[in-house]
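Visitor: any chance you can model this:
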Amino acid sequence: MDIKDFIPRGKENAISRRMLRTITGCSDREIRKMIREARLNHEGSFILSSSDVSGYWLSDNLTEVRAFLLETHNRAENTNTVVRVYKQELTTREAAAERRKKHPAYHVKEWRAKGRYS
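Guide: Down below sits the predicted model:
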């Protein structure tokens, strides 16, 4: 099944994933996978989406493609920043947990230093 056959041309005609699920009978996960694969194996019109439009549409409009790329790039950058911060915090917390395992009294010193344990 070619997902592009179900996606209309033009931003004003955008179709939601919910409607794509209804029309195709596929799950949300399958729809997202088909859209991703169609975007990666790009042929013909671009499959675009935007946070200010609910749904997907086909376009050859280069201004719309640039706007999609900018929004997608910014979203990826924001996500990558969160991932980087969370990984760092996870590493810190795992190291602290490991220290507590090796030295059971260590956490008392940590908590006292932070004013959480009297």
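Visitor: after the lengthiest strand in the chain comes which helix or strand?
Guide: If each strand of the chain is counted by residues according to DSSP state E, the longest one is strand 53-59. Once strand 53-59 ends, the next helix or strand along the chain (criterion: DSSP states H and E) is helix 62-102.
Visitor: now the angle between strand 53-59 and that following helix, please.
Guide: For the pair helix 62-102 and strand 53-59, the angle between their directions (axes from the mean of the first three to the mean of the last three CA atoms, to 10 degrees) equals 130 degrees.
Visitor: so what secondary structure elements neighbour helix 62-102?
Guide: Helices and strands touching helix 62-102, by 3 or more CB pairs under 8 Å, 6 or more residues apart in numbering; DSSP states H and E, are strand 46-50, helix 106-113. Using the backbone N, CA and C atoms, a C-beta is placed for each residue, glycine as well.
Visitor: any idea which of the ones you listed has the lowest pLDDT on average?
Guide: Within the helices and strands packed on helix 62-102, confidence is poorest for helix 106-113, with a mean of 65 (mean pLDDT).
Visitor: how close does residue 60 get to residue 70?
Guide: Counting by CB to CB, to the nearest Å, the gap from residue 60 to residue 70 is 18 Å.
Visitor: please apply the same query to residue 83.
Guide: Counting by CB to CB - residue 83 and residue 70 are separated by 20 Å.
Visitor: try residue 30
Guide: 28 Å.
Visitor: where in this protein is pLDDT low?
Guide: Regions of the chain meeting the criterion pLDDT under 70 cover residues 104-112, 114-118.
Visitor: list of residues touching the helix or strand hosting residue 33?
Guide: With the criterion set as DSSP H and E, the secondary-structure element containing residue 33 is helix 28-40. Residues from elsewhere that reach helix 28-40 (CB atoms under 8 Å, 6 or more residues apart in numbering): 1, 2, 3, 4, 17, 20, 21, 24, 26, 46, 47, 56.
Visitor: again, but for stretch 52-72
Guide: With contacts defined as CB under 8 Å, 6+ apart, stretch 52-72 is touched by 4, 7-11, 13-17, 19-20, 35, 44-51.
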